[in-house]
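Enquirer: Sequence first, then the predicted structure, then my questions.
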Amino acid sequence: MSWDHAQGLADKHSNSNNGLFVRLANDRDKVVGVFVGEPFARETHWTGERYEECIGTGCSYCKEGKRPNLRVLMNFYLPVEKELKIIEGGTIWFKDLLKARDKYGLTTWMFEVERHGDSGNAKTTYSLLPEEKLSAEQIKEIGALKLHDLAKSVSGGSDFNTYDKGETIEARTASQFVSRLKALPREAVDVFLEKFGISRVREVKASQEQVANTFIERLEAKYCHTQAESKGEVDPFA
């Protein structure tokens, strides 16, 4: 049917890996590809918006008692798209990658990487499974690729989970969300803010726009459209 076909294309494009980095933003998002070249590892601090390099001695974040986190980048070839991207993960993800390297070898296999955890979930994990063995032709094709300079790619900061964490929804979309939420009780608004880990509606990330829209629809179905007072709290519509 036309609707099913259109929805399938919409899902394909909303989960596509546009840009330089592989992006797995939502629960069960997955990608199949080949790890290429050497890893680039760095210690970072999460600022709330992006990862900042830990400079070691003299690091202001370390002085505040914030422990650095390991981030590891790899070149990652997507056979279906025939594109070379960059994929990044943390300590657990990299340890799983090391196990895969030791058991299967990374130069002869495609691997499936799948996210387990909703956007914003601090307990999100990633599974790493062998998908398919590469043909001699594919190995030759990948071996001829010019790899991305991983160190230069993160000069502006990055994140494996969602590389557009700093990008919020457009003002028009925020205004529409605000209008709909204002028609609900304050309790519903608080539920929405807690769900997305924000204090103001306009702070919803661009990558979460569709999820947020669906969540508001659920709230609209559950709560009566009444306006509740909010005193002494941060105005979520500011």
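Expert: Right, received. Where do you want to start?
Enquirer: Could you use CA atoms for every contact and neighbour count after this?
Expert: Noted.
Enquirer: Next, the buried residues of the strand ranked longest in the chain.
Expert: Of all segments of type strand in the chain, defined using DSSP state E, the longest is strand 30-46. By 16 or more other Cα atoms under 10 Å, the buried positions in strand 30-46 come out as 30-36, 41-46.
Enquirer: With stretch 45-62 instead?
Expert: Neighbour-count burial for stretch 45-62 [16+ other Cα under 10 Å]: 45-46, 50-54, 61.
Enquirer: mean confidence score for that stretch?
Expert: Mean pLDDT, stretch 45-62: 80.
Enquirer: Restrict that stretch to CA atoms and write it as CSV.
Expert: This file holds the C-alpha atoms of stretch 45-62, laid out as CSV (Å, rounded to 0.1, in the frame of the first residue of the first chain):
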residue,chain,number,x,y,z
HIS,A,45,34.8,15.0,29.7
TRP,A,46,31.1,15.4,28.9
THR,A,47,30.1,19.0,29.2
GLY,A,48,26.4,18.5,28.8
GLU,A,49,26.5,19.4,25.2
ARG,A,50,29.7,17.7,23.8
TYR,A,51,32.8,15.8,24.6
GLU,A,52,35.9,17.9,25.5
GLU,A,53,39.4,16.6,25.4
CYS,A,54,41.0,15.9,28.8
ILE,A,55,44.4,17.5,28.7
GLY,A,56,45.7,15.6,31.8
THR,A,57,47.8,17.8,34.1
GLY,A,58,46.1,21.1,34.6
CYS,A,59,42.7,19.9,33.2
SER,A,60,40.0,22.1,34.8
TYR,A,61,37.4,19.3,34.7
CYS,A,62,39.7,16.9,36.5
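Enquirer: Return the mean pLDDT over stretch 148-167, rounded to an integer.
Expert: Stretch 148-167 comes out at a mean pLDDT of 60.
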